[in-house]
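Participant: got a predicted model here, sequence first, then my questions.
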Amino acid sequence: MSVEPGSTDAAGRRPGDPSRPGDPSRPGDPSRPGDPGRRDRPGLRVDLALSYGATRIAAAFDVQPGHPLAIIGPNGAGKSSLLAAIAGLVPLDAGEVSIGSRRVDALPSERRRVGMVFQDYVLFPHLTVRDNVAFAARMRGSRASARAVAQPWLERYDLVTLADRLPSELSGGQRQRAALARALAAEPDVLLLDEPMSALDVEVRAEMRDELATHVRDFGGATVLVTHSPADAARLADSVLVLEGGRVTQRGTLDAIRADPATPYVRRMLAASDD
Amino acid sequence: MARAAARSTGRLAWPITAIAVVALAVLVLPLVALVVRAPWAELPELLASSAVLEALVLSFTTAVLATAICLVLGIPLAALIAHAESWPAIPRRLLRAAVTVPLVLPPVVGGIALLMLLGRRSLIGQWLDETFGVTIPFTTGAVVIAQVFVALPFLVFAVEGALRSSDRRTELAAATIGASRWQVFRHVTLPLVAPGVAAGGVLCFTRALGEFGATITFAGSLPGTTRTLPIASYLAMQTDPDEAVALALLLLAVSVVVLLTLRDRWLPGATA
Amino acid sequence: MTRTPRTASTLGAAVLLAFALAGSLSACASTGGTGDEDPNAPAATEPTMTTLEAAEVTVLAAASLTEAFDDLATQFEAANPSVEITVSYGGSGALATQIIEGAPADVFASAAEPPMQQVVDAGLATDPQVFATNTLELVVPAGNPAGVTGLDDLANPDLRIALCDESVPCGAASAKLLANEGVTAAPDTLESDVKAVLTKVSLGEVDAALVYRTDVQSAGDQVEGIEVPAAADVVNRYPIAAITGADSGNDASDAQGAAAAAFIAFIAGDAGRETLDSYGFGTP
């Protein structure tokens, strides 16, 4: 069902309205990958300045749905703060963040529909995997209906056998999956990933990276990931933004950057062995 | 070689152990003496008197009520203090000091302060009297108020400690998946501090149960209305030390029972 | 060996700590009367007084004696500079219990005879003498806001009334007085010491109370007294006695005993009586 911007569909909702649990007609329903409705996913536009400690961060970029962006940079460059600002967890000094036609920089985090996966996942320690994944739905309805909504997500992310475990009982890779499922079950417009591989053992990274790439592709919405690993950027993103000392020093596809590194850091980063 | 190995297995230096034993004795011996010198033969008779039962019931009901009030008032206050970590130094320290003062104030001073605020000649007291015909001192309500005043800081700091040690990013994570501020508090913050709340509640209850100075100054001492168990035992010291010891034993027993019926990990000082 | 310095410093710390502990313990335990002070000149007011050796006398006295005994102690110290008098006040029953449990005291002054009798029965005092009497009086806050006129008002449940608890002398006398007059009081609080009752009146928290005449006088303008003629029938008799301690035969104890006896004689003598009268006490 194609929906024109500004109009309401048969259920009286506009595009971009949060869906109710169990509603089948929402565009971009994850259980139907390839759905033509996916084309209506909004893009992310960022043009902001913020301060983090002594560092002043300024960046401007667009992210299209289906074309993830990797932000790469040394420690302390401000990558995580940038992500937090997009998610609404830290305030901007100036500028704007827009998702599709909505400006969200004045909105509190819970109204932005930005899903975030934190560096060490930050799952709710007192809730089971199922209740973690169901959390977003729980905020909108009863516990029973939330659990029903969560079930397909548990299946897609291979978490069914772990559904009744607590986060403390999971391995790193399992936690990553659960955190991803939790964020995406909230059906956000934009997905943010903060160093998604760094909390994992080196041996499992390659495998988890492939898995993550699949999930990100299935999500299909605007995705930004922060990483210090070129291997992550290569596997998970279409284009790269290099952030050094709060400033963007280079942007483009990884191949383009490899061909013409703009700063010593970029040169070093590309030369370092991938994990 | 063996001695070096023993040193590194983490045993305490002997002066530390010795002093610790002395400290333990300071805490335990008076209670042991109480139990040993108690008039065991006359105990049933002494405790069965209606005055004792009255005081026991009064102490219990007021302490439970005070604890409930402390929970309702104290958890949000603890959340505020934890949130105040991001405030500038002076308002943050003032807030902390304000909550700490009843903790370090001599209870009688607290009672005097309550009289000045809520007594018959106070601004609030007069207004209450004129508008509702209600005066607070010498009522059971005054007992509860005195108990809340002295016990609230215990709860607040126990909960604040739990809040501080929990990962605050869970609240941020909840916000990103759509939880409003109230929902974050209810579904994330509260469950995470539940052990701290339980520990604080226990401390609060036992402090309220043992409250004496503020109660006797602000609420007075009337059997059945305001004469709590500690006040009754103080009075008993005037005429019948045996009864005083019996009452002291009763208070001790109640405190021990309260502590034992709660699971280990909720005790103050225990880690979850 | 790198081990030695650490062991030595631990040992050193322990030794220092032990000394500190021992030092503070001995400071707490020491009593007065080193015998180093100069002998005093004989007091001019007491012709029977002999020169007293230096001593510290501890007096435990009923709460109602507060102002009077502070005054008497000052007078006695002025006349006998080598003697230091320390007075602690409290409910007579509590004080008696403390003395029986071994509280260090040289003199006990009680607001009624039963607590003194307890101490005598425990073998710690002999020959108490009654040195004063006290009568109950009705007391109201300044201005008498509730318009109290007499004992009957104490039965009014709408008024806030404070009384001493029966377990203290003031309370025992009050109960007897009320019983004699056929008044069933409706108290809002039964305090364990008469000064606590008085405070509640002077703060205006209660409308009326029964305290001693001496208390009404000591509270000055903050309260007003209303005489109760029937109170003359329930007079409290105040006994005083020296506490005989366990140790005898060393200098300090004798000096203390002598000073204590002298203080008691002072109180029971003319100067003492004059002072007590000025505070409102009666003569036995």
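Facilitator: Good, I have the coordinates.
Participant: for the stretch 1-150 of chain A, just list every one of the helices.
Facilitator: A:79-87, A:129-133, A:135-140, A:143-156 (DSSP state H, counting those that start in this stretch).
Participant: how about the stretch 1-150 of chain C?
Facilitator: C:3-29, C:66-79, C:92-100, C:113-121.
Participant: contacting residues around the closest residue to residue B:103 other than its chain neighbours?
Facilitator: Nearest in space to residue B:103, with sequence neighbours left out and distances taken as CB to CB, 6 or more residues apart in numbering or on different chains, is residue B:153 at 4.3 Å. C-beta here means a position set from N, CA and C on the backbone, and glycine is covered the same way. Shown in contact with residue B:153 (CB atoms under 8 Å, 6 or more residues apart in numbering or on different chains): B:99, B:100, B:102, B:103.
Participant: returning to that earlier point: go through the helices of the stretch 1-150 of chain A and name the closest to chain C.
Facilitator: helix A:79-87 (44.6 Å; CB to the nearest CB).
Participant: who's in contact with that closest one?
Facilitator: Residues contacting helix A:79-87 (CB under 8 Å, 6+ apart): A:44, A:46, A:48, A:50, A:52, A:55, A:57, A:59, A:71-73, A:90-92, A:97, A:109, A:112, A:114, A:116, A:119, A:190, A:192, A:194-195, A:224, A:226, A:243, B:176.
Participant: go again with 7 Å.
Facilitator: By CB atoms under 7 Å, 6 or more residues apart in numbering or on different chains, the surrounding residues in contact with helix A:79-87 are A:46, A:48, A:50, A:52, A:57, A:59, A:71, A:73, A:90, A:92, A:97, A:109, A:114, A:116, A:192, A:194, A:224, A:226, A:243, B:176.
Participant: give me the neighbour count for the fifth one.
Facilitator: It refers to residue A:57. By other CB atoms under 10 Å in any protein chain shown, the residues close to residue A:57 number 22.
Participant: wait, what's in contact with it?
Facilitator: The contact partners of residue A:57, by CB under 7 Å, 6+ apart, come to A:49, A:50, A:78, A:81, A:82, A:246.
Participant: give me the residue from the stretch 51-200 of chain A nearest chain C.
Facilitator: residue A:75 (38.8 Å).
Participant: and the pLDDT at that residue?
Facilitator: Residue A:75 carries a pLDDT score of 81 in this model.
Participant: residues near the closest residue to it other than its chain neighbours, how many?
Facilitator: In space, and not counting its chain neighbours, residue A:75 is closest to residue A:228: 7.2 Å by CB to CB, 6+ apart. For residue A:228, the count of nearby residues is 19 (other CB under 10 Å).
Participant: what's the helix or strand for the spatially closest residue to residue A:121 that is not a sequence neighbour?
Facilitator: The shortest distance from residue A:121 to any non-neighbouring residue, by CB to CB, 6+ apart, is to residue A:179 (3.9 Å). Element membership for residue A:179 (DSSP states H and E) is helix A:172-185.
Participant: show me what that helix is in contact with.
Facilitator: A:30, A:115-117, A:121, A:123, A:129, A:132-133, A:135-137, A:150, A:153-154, A:157-159, A:162, A:167, A:170, A:191, A:196, A:199-201, A:204, A:208, A:215, A:219, B:177.
Participant: mind checking which of those are buried?
Facilitator: A:30, A:115-117, A:121, A:123, A:129, A:132-133, A:135-137, A:150, A:153-154, A:157, A:159, A:162, A:167, A:170, A:191, A:196, A:200, A:208, A:215, A:219, B:177 (16 or more other CB atoms under 10 Å in any protein chain shown).
Participant: any idea how far the residue in the stretch 1-150 of chain B that chain A sits nearest to lies from residue A:91?
Facilitator: Across the stretch 1-150 of chain B, no residue is closer to chain A than residue B:86, which sits at 11.6 Å (CB to the nearest CB). Distance, residue B:86 to residue A:91, by CB to CB, to the nearest Å: 12 Å.
Participant: what of residue B:61?
Facilitator: Per CB to CB, residue B:61 is found 49 Å from residue A:91.
Participant: which residue of these two possesses the greater neighbour count?
Facilitator: Taking neighbours as other CB under 10 Å, residue B:61 and residue A:91 compare with residue B:61 leading, 13 against 10.
Participant: contact residues of chain B facing chain A?
Facilitator: By CB under 7 Å from any CB of the partner chain, the residues of chain B that approach chain A are B:167, B:169-170, B:172-173, B:175-180, B:183, B:188, B:191-192.
Participant: separate out the buried members of those residues.
Facilitator: Among these, the ones that count as buried by 16+ other CB under 10 Å are B:170, B:172, B:173, B:175, B:176, B:177, B:178, B:179, B:183, B:188, B:191, B:192.
Participant: from the residues you listed, which has minimum pLDDT?
Facilitator: For those, the pLDDT minimum is residue B:192, 87.
Participant: contacting residues for it?
Facilitator: Residue B:192 neighbours (CB under 7 Å, 6+ apart): A:126, B:166, B:170.
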